[in-house]
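In: below is the sequence, then the predicted model.
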Amino acid sequence: MLEKLSIQNLGPSPEMALTLAPRLNLITGDNGLGKTFLLDLAWWALTRTWADEKVIHPGYGIQDSNIEYSVRGKTGQPQGSKFTYERENENWSAAAQGRPPITGLVIYARLDGGFSVKDPERNYWRDKDEATKKPLPRPEAFQFTKKQVWEGLEDPAGKRLCRGLVEDWETWRLKGNGAFEMLKQVLLSLSPGGRENPLTPGTSTRVPGYEAQDIPTLVMPYGEVPIHQASAGVRRIISLAYLIVWAWTEHKIEAQNRGNEPSKKIVLLWDEIEAHLHPQWQRTILPAVIEVLQRLLKEADGTDLQLIATTHAPLILASMEPHWQEGKDRLFNLELSAAGNQVEVEEVTWAKFGDASGWLTSPAFDMNSGYSREAEQAMQAADDLMAGLNAKLPEGLKDVTSIHAALQRTLDGGDVFWPMWMPFYRQQTKTSR
């Protein structure tokens, strides 16, 4: 589990530090302020590999760039590390690097549709060649592109590391080894409407362009749909469900082969939870994923689950109000400094704001309202006019008539603003006659 992460002279700020909670960490902030950047660094701290094999370098002319972090591994003791960027080698190094701690199963759901997976059984230890007695090469982590999630992953030598969603779906079904039942349960848990609108596997079918390959389907209200033709949101969720089941199933098999117990720790990094998801899904998906991962850990008699995720969606935060655990969960927000020249990270005190509109105006999103910009401008002009602040009125909204027309154009007839405005409007129009 990642406990602390700090950087100096790297990315959008000369200095940034987070002390993470042991269970859930949510990061909000405007586009371009570094949310994905922090997830990439968290993945690196937990695995000592770079997500999608893309190293983060400091900008030209930047000196003394450092990454410092503290990770609690299998021993339960925190282990701190500090890495400094070496410009000669264009890489990060530490004075006393040592072996990284065993952090449990780590899964990173990237925004590009790809995934990164670090398995303490398959990526940490190295078998020895019987002839040479030298360690055999093992992948430092599994790096999936969006396409490889579906079609399979091979190492540079052509060795198949994963058959992919399409083939595993059918293989698991035919084997009856429990993986397919687990996949069905995970899909049900992650469904937008639960049991009322479940993601249910259908019968496989042949699809033009895929030759002799059987393609899985999902049962939809209008019939069975090949998974390739499902919506973007559905494809993202079934990809997540598959990677979770694949990573956990393969981890348990490898642990059994080695005579080890399955990991009691899972870390999920998740970039933009709400991507492609309808609001109906946004308000259920995060609690559902937490429940799924906790269920897997119970199989191994484990309880250590950490989730670090980014979001732009107020419904995601609203969905956690019944499930938030003080002391175990934290909310962070990235904002530009007052000078506007660097990014600052602040921990936001958790409070209940109710619905999505309430969260829009919370410190996590810091908006004035949930109205359109035009409606917000018209209401502000109305407030200023009623307060006698005529000098603040914008162009085009200088008098009671133009403001009233703007309110009519942008507000619903039953909006709560009308009872505040109409008495003033009637008085002003009556006086002008």
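Out: Happy to help now that I have it.

In: any chance you could map the helices in this protein?
Out: 35-47, 146-151, 165-175, 179-190, 232-257, 279-282, 285-299, 314-319, 356-360, 373-386, 400-410, 418-432 (DSSP state H).

In: quick one: which of those helices is nearest I107?
Out: Nearest to I107 among these is helix 232-257; the distance by Cβ to Cβ comes to 5.7 Å. To be clear about C-beta, it is placed using only N, CA and C from the backbone, and glycine gets the same treatment.

In: give the buried residues for the closest one.
Out: Residues 233-252, 254-255 are the ones in helix 232-257 that count as buried (16 or more other Cβ atoms under 10 Å).

In: cool, stretch 275-284 as well?
Out: A275, L277, W281, Q282, R283, T284.

In: switch the helices of the chain over to TSV; also include distance to G73.
Out: Shown next, in TSV, are these (distance: least, Cβ to Cβ, whole Å):
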stretch	distance to G73
helix 35-47	9
helix 146-151	28
helix 165-175	30
helix 179-190	27
helix 232-257	16
helix 279-282	33
helix 285-299	16
helix 314-319	29
helix 356-360	35
helix 373-386	48
helix 400-410	55
helix 418-432	58
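
In: figure out which of those helices is closest to P120.
Out: Using Cβ to Cβ, the helices of the chain put helix 232-257 closest to P120, at 7.8 Å.

In: list the contacts of A318.
Out: By Cβ atoms under 8 Å, 6 or more residues apart in numbering, the contact set of A318 is R283, F353, G354, D355, A356, G358, W359.

In: for S204, same thing?
Out: With contact set as Cβ under 8 Å, 6+ apart, S204 has these partners: E170, D214, I215, P216, T217.

In: so what pLDDT did the residue lying closest to it once chain neighbours are set aside get?
Out: Distances taken as Cβ to Cβ, 6 or more residues apart in numbering place D214 nearest to S204, at 3.9 Å, with adjacent residues excluded. Looking at D214, its pLDDT reads 86.

In: how near is Y108 to L41?
Out: Between Y108 and L41 the distance is 11 Å, computed by Cβ to Cβ, to the nearest Å.

In: er, V289 I mean
Out: To L41, V289 is 22 Å away according to Cβ to Cβ.

In: likewise for T49?
Out: Counting by Cβ to Cβ, the gap from T49 to L41 is 12 Å.

In: same question for P22.
Out: For P22, the distance to L41 equals 19 Å [Cβ to Cβ].

In: more crowded one of the two?
Out: Remark: of P22 and L41, L41 carries more neighbours, 24 against 17, as counted by other Cβ atoms under 10 Å.

In: check what contacts stretch 46-64 and list those residues.
Out: Residues from elsewhere that reach stretch 46-64 (Cβ under 8 Å, 6+ apart): 2, 8-11, 37, 39-41, 43-44, 65, 71, 84-85, 90-92, 100, 103, 106, 108, 110, 112, 114, 116, 118, 123, 140-141, 143, 145, 267.

In: filter the residues you listed down to just the ones in strands.
Out: 2, 8-10, 71, 84-85, 91-92, 106, 108, 116, 118, 143, 267 (DSSP state E).

In: would you mind listing which of those residues are buried?
Out: Among those, those classed as buried by 16+ other Cβ under 10 Å are L2, Q8, L10, V71, Y85, W92, V106, Y108, S116, K118, Q143, V267.

In: out of everything not next to it in sequence, what's closest to the second one?
Out: The reference is to Q8. N66 (4.4 Å).

In: I figured that neighbour hits S81, correct?
Out: No - using Cβ atoms under 8 Å, N66 is not in contact with S81; the gap is 10.7 Å.

In: the residue lying closest to M367 once chain neighbours are set aside: neighbouring residues, count only.
Out: Nearest residue to M367, sequence neighbours excluded (Cβ to Cβ, 6+ apart): L360, at 4.8 Å. L360 has 18 neighbouring residues, counting by other Cβ under 10 Å.

In: so who does L360 touch?
Out: Counted by Cβ under 8 Å, 6+ apart, L360 has contacts P314, M367, S369, G370.

In: repeat that for F353.
Out: L317, A318, W359, T361, S362.

In: I'd guessed the fourth one sits against E376; true?
Out: Going back to what we said before, that points to T361. No - T361 is beyond contact range of E376, at 11.1 Å (criterion: Cβ under 8 Å).
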